[in-house]
Structures are given as structure tokens and as C-alpha cells.
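J.: After the sequence you'll find the predicted model.
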Amino acid sequence: MLRHFELFLACRYLKKKRLAFFSIAAVALSVAMLIVVSSVTGGFVKQYRVACHSSYGDIIISADSLMGFPYYDELVTQARKLDGLREATAVIKLPGLLRIDQPGRFKLFVKGVQVLGIEPKSYSQITNFKAGLWKQSKLDAPPSLALPDKLPDNPYLKGVKLRGACIVGVEVVCNRSSDASYHRKKDLYNSPVIISVMALKRTGLIDVDATVRYPFLLIDDFEASVPLITEPTVYIPFALAQKMSRMLEYHDDDAARTKPARASQVQILAEPDADLQELKKRLREIWDKIAWDNAYLGGAMVFETWDEQEGIASFIAQFERERTLMTILFGIMGVVSVFLIFCIFFVIVTEKIPDIGIIKSVGGSSAAVGRIFFVYAGAVGVVGAFLGLAMGWPFVVHINAIHDWVAQTFDWRVYDAAVLLFPYIPNEVDWYATTIIMIAALVGSLIGSMIPAARAALMKPIQALRYE
Amino acid sequence: MNNTIIRAENLVKTYTTGPEVLRILRGLELSVRPGEFLAVTGVSGSGKSTLLHLLGLLDECDSGRIYFDEQDVSALSRAQRDRLRNRQIGFVFQFYHLLPELTVLENTMLPAMVTNSTFSWLGSRAKLRKQALEILNQLSLADRAKHRPAQLSGGEQQRTAIARALINKPRLLLADEPTGNLDLDTGARILDLLETLNSQHNQTIVMVSHDPDTANRAHRCLHLEQGQIHNCS
């Protein structure tokens, strides 16, 4: 058991030996560096996960076909009755084109987009849609895709028969600048845009003679927390999307019966503590019953949690691998610190050989001598780890401000939001990783001191006393 | 009551340096009675310090036995030897051997710190501190209690070393050339101090010195030559 004098001497050596400050500095710098690297890389993973999660809800039920699936409304109604489920909403996804043609104000602009037909109220309960809206996020009312009662006074609206309002993903009409801001062309809002979608025949073939194009009033834009991970998107009312994609209910003369309306997806928000896999299983059971009751033998249905979606899981795994790789690379520098501690403690023990003789001459055991240097190294590790935390923590929290200052002062921008995936460098400390890093610093310090401490412990008292 | 506090029997100690074998002690016999002030003299390299280190359990002999209170110390475990050294034996070295990071008071208390576990130290710290200050007062070092060794004269450092040797009230005090690094006056005062300890507190002292005048201050003088003990002439 550790005796008082061992702790006392270790602390006194720590206070008086300046050489140990180099060990502390090495540990502190390694810890600070690893906290920054781990928090930032971990933050990217977290940002990506949060962005994906908040864009899709918890569970996505989709048809494995552009034709969509029927009985979605029945599925939504029954799903809403499930325990552990908060909200469900149907969505239509279509590939389309956005065209802006306002001669004298904007050049002709045509862009391929993903057209998303949504019910804004329920959709914004499931996703972070409202929070990302430029104008409507500030309103208390739920977001809306309705045309205003009074149309804006805009010459380009003259003679245009608007079919509805739309919201565009901000990336569709603006470029992100290096400081992650968007310079919006304000004239673009409350102006008409044309949305065209590829019309499918009921047989699933492209109807080349009937491309659907509707004029919409552009009323707002949506800024996702990680915009570049999603396709450029345009949001329109669900009913209009259903009409444009020919997913409305219709009467099949051949079959002599009415075919129900269809949707591309149903998105689900679960209660925070819900077991998503269990919920997914129950949703599948509900769907199987609906399909059975209606004798629906359509295409395969895909039930996925948000992170099981194609692309997301592999992207996250790739991020995690990159994070591990970065941590290992910087961890190698931590190993260098361990070696530095070994060298410094070897020198300290050599310098302290007469002390070892004195301690043994007054009855200190070999184990006690070893423990003094071990505790000394442990104290170096603890002090270094906390100093590293004191450096790394504020650095992470203020990393964007520091980066901006460096960019302004030295005209050197390392992190260019215009070209990188995330708008900001993550600035939240990963406390789990930080705890592990600090424990590793302590263990590393102890490992670094092991051989010098053993050397001190095994030294014969008379050897130590006679050491010149 | 034992007749001897420490007794060496047929002690042999050799040092090997390269091809050369130095036979320092060759079957040495020695016994020290309780309360005795014994001096061991000898020329430099005769083995005086080696003998003291063996008696103080700081080193191990090649053969022979050492009895402390008639108990064979070679039969003791390393931990028992450490404990015996801590509680029963005090050392005073020629070069003082104080810990430079500690104050005079802390250096004095060091053996007591080693004796006590963390919990017993918490309980006895105040008492031991008082005891250390008393010893320092007796050695005229009370006003130096908070000084570090580097701030002391040679005589003060040696008195601090004596205070440290006495803190655990050892039955045997071993002094290795205690005046060897001091000027004559200071050395004389240190010898006065040892004499006082012996006469007033019945402290058993074994002192080695190459200087016959220093050795003459002891009750009994032995001379170490050719690895054997002889009476001083």
C-alpha cells in the first residue's frame, strides 16, 4: 500500500524538478492534440448522423420503385396508433427540373433537382424542416406550402397561372461561401419558377409526350445542417406532387376497379426511447396485413431505420474509419511522449541515485522507492492530462473563432466551407473520447516510467550511496 | 539482557573489479555492547565503511554472520531488514546525505515517515513533528527547521543528519567519518555532540574514522588492518 512518504516525495519532486515539466508538457500537448483531433473528427461523424437523422426521421418505409406504393394513407393512420410512435407522414420523391426564367433579372437557370412532395406540418414534426427554413423558421405557425392570399407585386408573375408554392434547398439557388454563409438573391423569392417532372405511364414507362411542368411561387428556402449530403431538393405540396407524378387514385377500366393513390415513402418519428427495430417489425406486420386485406401484390417494400439507408451506413462507417485512422496517427505522437517520459525519468532517476541510497538507508524498501518514481510519473500523467484538457477543451469550443481569426489575420483559411462537406468545424468536446485519452495519458506516463522506476527500486543502497 | 547489541562473526567481504579480487574483510570478528561508543580506525581503503555498511544492513557479506540483539540478521527477509534498519539503526554519513528538496525538519522526519503508514502518519504527524523540533532544538537547529540543505553550513548539515538518525530513537547509531568533511572546530563540536548522546542518553555508537584523534573520543578503539580487527595501539 502507498505510504505517506512515497506520495510526499513524489509530489515534492514534481514541484521541484524542472526536468519533469518537459514530461508534463509532452503529455499535455499530446492530450490536447488528441482531444482536438478526436472531438473534431468525432464531431464530423456526429454532425453527419444528426443531419441524416433530422432529415429522415427514425424509420423510412419506401417502395423499391419510382411508381410508389398504394394504401400509404391506411399505413399512416394505423402507424399513428402504435405505441412508441409519434408521427408518420407520406412523401413523394421525384426526379425533376427547376427552371427560372426572368429576363432582365436573372439569366435562364435550369437545374436537376429532387422534387419532394410533402405535407409540411407533419413533415416538419418528423424532420428539422421548419428549423432550416430561411423565412418561416421565425414564425410560430407550422410551415406552409400554400400560396399567399395576396400574391406579391412582381412583374414576372403577370399572366402566370401558379399551381402552388415551393421551397427550394438553399444550395439549389445559392452557393455557400468560405465562411459558410449564403448570399441570397432576394429578388428570387416571391418569383415564379417552373418545376418539371418526368411523367410515368401507369405501366411504368416514360410518357414522352406528357412531361408535367407547373409554375410555382418560390416562397422560401431550406438550409440543412449538412447541405451537401442531400441532393438539391425542391419541396412542393404533397397533393400537387401526387398529381404531377400521376400517383393519384384512378379507375382502371381493364381491371374494372379503382386503383388507390400512391406515395413514394412513409417517414416515421418514434418516441425517443423506442426500440426502432421492434417498431420496424411491427410496421412491417401492419403493412403485410394491409397488403393482404387489399390483395396488393406490388413490388418489394423497404423498411429501414434512418441509418440503415443505402449510402448512409457506409458513409458513417467510412467516417468512423477515418476518425480511427486520424486518432491512431496522432496517437503515435502520444507514443513519442511515452518515450520522452522514459528518457526524462531515466535522467531523473540517474540524478536521484543518492536520494535512493538515503531513502533505503533510513529503511525505505525497494518497492517504496519504485513506487515513489511510479507515483511521480503518475502525477506527471495526471497534471499533464488535466493541462492538456485545459488547452484542448477551449481550443475545441472556440475552434471556429480561432480559425476565423487565423483566416483574417494571416489570410490563411484551412477549413473552406465552400468546398467542404460541413459548414463549420465541430466544436463540441467528445467527453467519452477525452476520458479515454486522459486515462491513456496516465497509463502512458506510468509505462514510460516503468523501467526507470524498476531501475531505482532494484538499486542496492550501497551502490546508490557510493554513486558519484 | 543481551551482552552485545551487534555482533559480527567471521565476516568476509570481497570486491571484484575486472580480474582483480579485493579481499576487504577476512573473517572479521566484532561485538558492540549496549551503550558503548566504539571507534574503528584504519587507513583509507581498509574496509571501515564496508564494515559499517554491513553492520547497518546496507550491504551483504560474502560469508559470516551478523547478529543484532543476538538475532541472526542474515535469516531475515529483505522487508524485515528494512524495518530493522528503519527502527533500530541510525546512520550518519561523511557527506551528510540529506535530500536537497526537503527542509531540515522534513529531512529529520524522513525515517519516521518511512515507519508510518499513510493512516498512522495522519494520526502521529503532530507528535512526530514536535519530537523532530525538540531534537533540532537540542542540536541548535530549531531556527533552521525550514531551511533547505543548500542553505546550511557543513556543520549544520551534519547536525541535521544526526537529528535524522535520532528521530526513531535507534538503539545503534552508525557514524561513517562524521567529521571527515568538516573543519576542525566544527568537527570537534560534532564529536562533542556524539559524546553527549552517548553519555547522557546511553546511545550506542559505532564510528569509523581514519583520524586517530577523532577515534580517541570514543570509549573503545579498534583498528582495521588486512581485513581483521585489532585493538588500537
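T.: Yep, that arrived.

J.: residue contacts, residue A:42?
T.: Listed by C-beta atoms under 8 Å, 6 or more residues apart in numbering or on different chains, the contact partners of residue A:42 are A:323, A:426, A:430, A:433. (C-beta placed from N, C-alpha, C; glycine too.)

J.: what about the first one, neighbour count?
T.: Neighbour count for residue A:323, taken as other C-beta atoms under 10 Å in any protein chain shown: 20.

J.: what about the helices in chain B?
T.: Along chain B, the segments classed as helices by DSSP state H run B:48-55, B:78-88, B:104-115, B:118-138, B:154-166, B:184-201, B:212-215.

J.: what residues are up against the closest residue to chain A within chain B?
T.: Per C-beta to the nearest C-beta, the residue of chain B with the smallest distance to chain A is residue B:86, at 2.2 Å. Contacts of residue B:86 were listed using C-beta under 8 Å, 6+ apart, and they are A:362, A:363, A:364, B:111, B:114, B:115, B:168.

J.: Quick check: the two most widely separated of those?
T.: Taking every pair in the contacts of residue B:86 and measuring C-beta to C-beta, the maximum separation is 12.7 Å, between A:364 and B:168.

J.: Those two - which one has more neighbours?
T.: When neighbours are counted by other C-beta under 10 Å, residue A:364 and residue B:168 differ, and residue A:364 comes out ahead with 28 against 23.

J.: check contacts around the residue most central in space within chain B.
T.: Relative to the mean C-alpha position of chain B, the nearest C-alpha, by C-alpha atoms, centre = their mean, is the one of residue B:174, at 2.1 Å. Applying C-beta under 8 Å, 6+ apart, one finds that residue B:174 lies in contact with B:52, B:55, B:56, B:89, B:90, B:91, B:92, B:205, B:206, B:207.

J.: now do residue A:235
T.: Residue A:235 touches A:116, A:118, A:120, A:129, A:145, A:166, A:167, A:168, A:222, counting by C-beta under 8 Å, 6+ apart.

J.: Mind giving me the PyMOL command for buried ones among these?
T.: Buried residues within the contacts of residue A:235, as defined by 16 or more other C-beta atoms under 10 Å in any protein chain shown, are selected in PyMOL through the command that follows:
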select buried, chain A and resi 116+118+120+129+145+166+167+168+222
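
J.: quick one: which of the contacts of residue A:235 is nearest residue A:199?
T.: Using C-beta to C-beta, residue A:116 is the member of those that sits closest to residue A:199, with 17.4 Å.

J.: If the nearest residue in space to residue B:73 that is not next to it in sequence is in a bridge, with which residues?
T.: Leaving aside its chain neighbours, residue B:73 sits nearest to residue B:66 (5.0 Å; criterion: C-beta to C-beta, 6 or more residues apart in numbering or on different chains). Residue B:66 forms beta bridges with residue B:8, as assigned by DSSP bridges.

J.: Run a quick neighbour tally on residue B:189.
T.: Should you count by other C-beta under 10 Å, residue B:189 turns out to have 15 residues around it.

J.: Low-confidence bits of the stretch 201-350 of chain A, can you list those?
T.: Counting by pLDDT under 70, the stretch 201-350 of chain A has low-confidence residues at A:226-231.

J.: let's see it at 80
T.: A:201-211, A:225-231, A:252-256, A:297-299, A:310-311, A:334 (pLDDT under 80).

J.: Show me where it has its strands.
T.: Taking DSSP state E, counting those that start in this stretch, the strands of the stretch 201-350 of chain A run over residues A:212-222, A:233-237, A:250-252, A:257-259, A:262-263, A:265-270, A:301-305.

J.: follow-up on the earlier one: for the contacts of residue A:42, which one is nearest chain B?
T.: Within the contacts of residue A:42, distances to chain B taken as C-beta to the nearest C-beta reach their minimum at residue A:433, with 34.0 Å.

J.: buried stuff in the stretch of helix or strand that closest one belongs to?
T.: For residue A:433, the element it lies in under DSSP states H and E is helix A:431-458. Buried residues in helix A:431-458, counting neighbours by 16+ other C-beta under 10 Å, are found at A:433-434, A:437-438, A:440-442, A:444-450, A:452-453, A:455-457.

J.: Neighbours of the closest residue to chain B within chain A, how many?
T.: Closest contact between chain A and chain B, by C-beta to the nearest C-beta, is at residue A:363 (2.2 Å). Using other C-beta under 10 Å, residue A:363 has 22 neighbouring residues.

J.: Touching, residue A:224 and residue A:169? I think so.
T.: Yes: applying C-beta atoms under 8 Å as the test, residue A:224 and residue A:169 come out as touching, 7.0 Å apart.

J.: Surely residue B:35 is in contact with residue B:200?
T.: No: counting by C-beta under 8 Å, residue B:35 does not reach residue B:200; the two are 11.3 Å apart.

J.: For chain A, what lies in contact range of chain B?
T.: Counting by C-beta under 8 Å from any C-beta of the partner chain, chain A comes close to chain B at A:1-5, A:7-9, A:12-13, A:15-17, A:354-355, A:357-366, A:368, A:460-462, A:465.

J.: can you rerun that using 6 Å?
T.: In this structure, chain A approaches chain B at residues A:3-5, A:12, A:16, A:355, A:358, A:361-365, A:461-462, judged by C-beta under 6 Å from any C-beta of the partner chain.

J.: Show me the domain layout of chain A.
T.: Under the assignment named as automatic domain parsing, the residue ranges that make up the domains of chain A are A:4-49+A:315-465, A:65-299.

J.: Buried deepest among the ones you listed, which one?
T.: Looking across these with neighbours counted as mean count of other C-beta atoms under 10 Å in any protein chain shown, the highest average goes to domain A:4-49+A:315-465: a mean of 19.

J.: Which of the contacts of residue B:174 fall in strands?
T.: B:89, B:90, B:91, B:92, B:205, B:206, B:207 (DSSP state E).

J.: Of those residues, which is the nearest to residue B:121?
T.: Using C-beta to C-beta, the ones in strands among the contacts of residue B:174 come closest to residue B:121 at residue B:90, 19.6 Å.

J.: The nearest residue to residue B:207 once chain neighbours are set aside: neighbour count?
T.: Across the structure, with C-beta to C-beta, 6+ apart as the measure, the residue nearest residue B:207 apart from its sequence neighbours is residue B:175 (4.1 Å). Number of residues near residue B:175 (other C-beta under 10 Å) recorded here: 28.

J.: Does residue B:175 touch residue B:208 like I think?
T.: No: taking C-beta atoms under 6 Å as the definition, residue B:175 is not a contact partner of residue B:208, at 7.3 Å.

J.: I'd like to know how far the residue of chain B closest to chain A sits from residue A:434.
T.: Using C-beta to C-beta, to the nearest Å, one gets 43 Å for the distance from residue B:86 to residue A:434.

J.: Could you check the angle the longest helix seen in chain A makes with strand A:301-305?
T.: Assignment by DSSP H gives helix A:312-351 as the longest helix of chain A. Relative orientation of helix A:312-351 and strand A:301-305, computed by axes from the mean of the first three to the mean of the last three C-alpha atoms, to 10 degrees: 30 degrees.

J.: what's the angle from the helix or strand residue A:28 falls within to strand A:265-270?
T.: Using DSSP H and E, residue A:28 sits within helix A:19-56. Relative orientation of helix A:19-56 and strand A:265-270, computed by the same axes, to 10 degrees: 130 degrees.
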